[in-house]
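Colleague: sequence first, predicted model second:
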Amino acid sequence: MNIILLGPPGAGKGTQARRLVEERDMVQLSTGDMLRAARKSGTEMGNKVAAIMDAGALVTDEIVIGLIEEQLTNTRTTGGFIFDGFPRTLAQADALGDLLAQVGQRLDVVIEMAVDDDALVQRISGRFTCGDCGEVYHDDTKPLKSPDVCDKCGASNFVRRADDNEELLRVRLLEYYKKTSPLIGYYYAKGLLRTIDGLGSMDGVAGAIREVLASTDGAGSIAS
Ligand code: AMP
């Protein structure tokens, strides 16, 4: 099953993707994570995208399509791929269709995680992750059980994303409405769109995603 989690920044795509990885043996392909990793290791591409990411803008289609192409050709998965934060433009969506076709696969479903804009601001300010295992926390809605210790892996290495602040969120949100939200109509027209309420509890949203997947025919994961 190959799926896209579509939604504005802070909708909970990464959190739900990680659950699917654990529960269904899927592979999460997050272009945001790939770009942050490239920045951290100081590659030429990482240095090139740093200023764009810091400004809350989108990096070029060419770069992110290249990253996805590399992953699709080099990664084996039995559970399928979860595209998280990709595609973000119509050009990326077209390219994804072509790339999947090249490896004998197709997209099974696009899950739009609908969230109220005001809730996004609240969600994004306060978000942090474990730098070791990637578990996502929130100061108010999902605090650590013991101070400074990751509930999941016990590490004490936490990361707050520099772009997770209200001012930058508004810029990222504008990019989403201008460039990414047209994908809702694009995938609706292709008969692939399913919309869920992304505002519930993490378990509630996970349940809604599970229902969508259960009612989706997973033929896309079978090479044809
Ligand atoms: P994310 O973690 O998905 O919120 O991505 C963080 C930042 O990486 C975004 O604000 C963009 O600057 C960049 N980025 C991630 N994915 C894409 C994409 N598919 N297209 C363009 N820019 C992206």
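Modeller: Looks like it arrived, so ask away.

Colleague: in the protein, where is pLDDT below threshold?
Modeller: Low-confidence segments of the chain (pLDDT under 70): 218-224.

Colleague: quick one: neighbours of the residue in it that the ligand sits nearest to, just the number.
Modeller: The nearest approach of the chain to the ligand comes at Gly32, 2.1 Å away (Cβ to the nearest ligand atom). Where you see a C-beta, it was placed from the backbone N, CA and C, and this is true even at glycine. Residues within reach of Gly32, counting by other Cβ atoms under 10 Å, total 19.

Colleague: same question for the one 5 residues further on.
Modeller: By the criterion of other Cβ under 10 Å, Ala37 has 13 neighbours.

Colleague: so which residues of the chain form strands?
Modeller: Along the chain, the stretches classed as strands by DSSP state E are 3-6, 27-30, 81-84, 109-114, 127-130, 136-138, 158-159, 193-197.

Colleague: want to throw those into CSV with distance to Arg170?
Modeller: Listed next are the strands of the chain as CSV, based on distance: least, Cβ to Cβ, whole Å:
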stretch, distance to Arg170
strand 3-6, 20
strand 27-30, 22
strand 81-84, 22
strand 109-114, 19
strand 127-130, 16
strand 136-138, 19
strand 158-159, 22
strand 193-197, 23
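
Colleague: quick one, which of the ones you listed is packed in tightest?
Modeller: The highest mean neighbour count among these, using mean count of other Cβ atoms under 10 Å, belongs to strand 3-6: a mean of 27.

Colleague: circling back: and the residue of the chain closest to the ligand, what does it touch?
Modeller: 14, 84-85 (Cβ atoms under 8 Å, 6 or more residues apart in numbering).

Colleague: repeat that for 10 Å
Modeller: Neighbouring residues of Gly32 by Cβ atoms under 10 Å, 6 or more residues apart in numbering: 9, 13-14, 53, 59, 64, 84-86, 88, 161, 163.

Colleague: who in the chain is up against the ligand?
Modeller: The interface of the chain toward the ligand, taken as Cβ under 6 Å from any ligand atom, is made up of 9, 31-32, 35, 52-53, 56-59, 64, 85-86, 88, 92, 163, 172.

Colleague: drop anything exposed from those residues.
Modeller: 9, 31-32, 35, 53, 56, 58-59, 64, 85-86, 88, 92, 163, 172 (16 or more other Cβ atoms under 10 Å).

Colleague: show me which pair in those residues is furthest apart.
Modeller: Gln92 and Asp163 (19.4 Å; Cβ to Cβ).

Colleague: what's Glu135 sitting at in phi/psi?
Modeller: Glu135 adopts backbone torsions of phi -60, psi 140, taken as degrees, to the nearest 10.

Colleague: let's number from 346 now, not from 1
Modeller: Noted, 346 is the first residue going forward, which turns the last one into Glu480.

Colleague: phi, psi of the residue nearest to it when sequence neighbours are not counted?
Modeller: Spatial nearest neighbour of Glu480, chain neighbours left out: Lys497 (4.4 Å); criterion: Cβ to Cβ, 6 or more residues apart in numbering. Here is the backbone geometry of Lys497 (degrees, to the nearest 10): phi -90, psi -50.
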